[in-house]
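Q: what's the 3D shape of this:
(one chain, ligands or ions: 1)
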Amino acid sequence: MDEQRLIRVSKYLSRHLRHRPERIGIRLDEHGWVAVPELLRAAARHGFPIERAELETAVAANDKRRFALDARTDRIRAQQGHSVPVDLDLPPREPPAFLFHGTVARFLPAIHREGLRPMGRHAVHLSTDRDTALRVGARRGRAVVLTIRSGEMHRDGHVFQLSGNGVWLVAAVPPGYVAGDRS
Ligand code: HQG
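A: The predicted structure follows:
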């Protein structure tokens, strides 16, 4: 499977497992799962046939491990990043003292005013290391990395979850916990 095809399949999966399942007539269950045969049938029906082997490669070779396959039940889901409402059914976890969020300068006034909000997604995404946050921010321009006082947030009762691919998720970050900018 060449790199281009891998990217196309990954984007197709992201689109339908995170954002627009209804576009191809599939239904995610409450935790975001869909049966693999159902997904493959729907993709073929909608003009984007995917071989099962391609799907498995796209899951296994994905640079950010965006998707999880449950071999026992033969289902697939996106590990995080949804805009459709899902309960990822992840246990609450104690985060490290600090986490990082990559963004761009033009969002800073709003972020300092109202904190980090999930915007189009179901949660705010935070990274354990600055480099990852830099890459996330750089999708939109010159990246700015915010340091989040996650340990303090957790002590104050905010619930954190860790996705299967290592992204920390929280409903929102109030402005008082946003510690610093760094580009
Ligand atoms: C910003 C990608 C104004 C926030 C990445 C961000 C990540 C605010 C944007 C994952 C704000 C939302 C998520 C506020 C937050 N006012 N702007 N109050 N609060 N923002 O894409 O974190 O390739 O939904 O800073 O690698 O950028 O898709 O979130 O810039 O892991 O797998 O609003 O998406 O992964 O943007 O990225 P996003 P994100 P995938």
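
Q: wait, what's in contact with residue 134?
A: By CB atoms under 8 Å, 6 or more residues apart in numbering, the residues touching residue 134 are 102, 143, 145. Glycine gets a C-beta too; all of them are placed from N, C-alpha and C.

Q: wait, residue 177
A: Residue 177 is in contact with 115, 148, 149, 150, 152, 153, counting by CB under 8 Å, 6+ apart.

Q: Of the residues you listed, which belong to helices?
A: Mapping those onto helices (DSSP state H) picks out 150, 152, 153.

Q: Top of those residues by number of neighbours, please.
A: In terms of neighbours by other CB atoms under 10 Å, the ones in helices among the contacts of residue 177 top out with residue 150 at 24 neighbours.

Q: Do I have it right that it meets residue 127?
A: No - contact criterion CB atoms under 8 Å: residue 150 and residue 127 do not qualify, at 10.9 Å.

Q: Can you pull up the most central residue in the protein?
A: Per CA atoms, centre = their mean, the C-alpha nearest to the average position across the chain is that of residue 81, at 2.6 Å.

Q: ok, so what distance separates that residue from the ligand?
A: Distance of residue 81 to the ligand, computed by CB to the nearest ligand atom, to the nearest Å: 5 Å.

Q: the longest helix in the protein is where?
A: helix 3-14.

Q: coming back round to it: which SS class is the residue nearest to the centre of the chain?
A: Taken by DSSP: H, G, I helix; E, B strand; the rest coil, the conformation at residue 81 corresponds to coil.

Q: Is the helix or strand harbouring residue 131 in proximity to the ligand?
A: Per DSSP states H and E, residue 131 falls inside helix 130-138. Yes - interface with the ligand: helix 130-138 contributes residue 136 (CB under 6 Å from any ligand atom).

Q: I figured residue 88 was touching residue 167, is that so?
A: No - counting by CB under 8 Å, residue 88 does not reach residue 167; the two are 10.6 Å apart.

Q: who's in contact with residue 104?
A: Applying CB under 8 Å, 6+ apart to residue 104 gives the contacts 137, 140, 141, 142, 143, 144.

Q: rerun at 10 Å
A: If you count contacts by CB atoms under 10 Å, 6 or more residues apart in numbering, residue 104 has them with 137, 138, 139, 140, 141, 142, 143, 144, 183.

Q: Need the phi and psi values for it.
A: Phi and psi for residue 104, reported as degrees, to the nearest 10, are phi -130, psi 160.

Q: ok so, going back, for the helix holding residue 131, which residues meet the burial criterion?
A: Of all the residues in helix 130-138, those buried under the rule 16 or more other CB atoms under 10 Å are 132, 133, 134, 136, 137.

Q: Okay, and the beta partners of residue 148?
A: Legend: beta-bridge partners of residue 148 under DSSP bridges are residue 99, residue 178.
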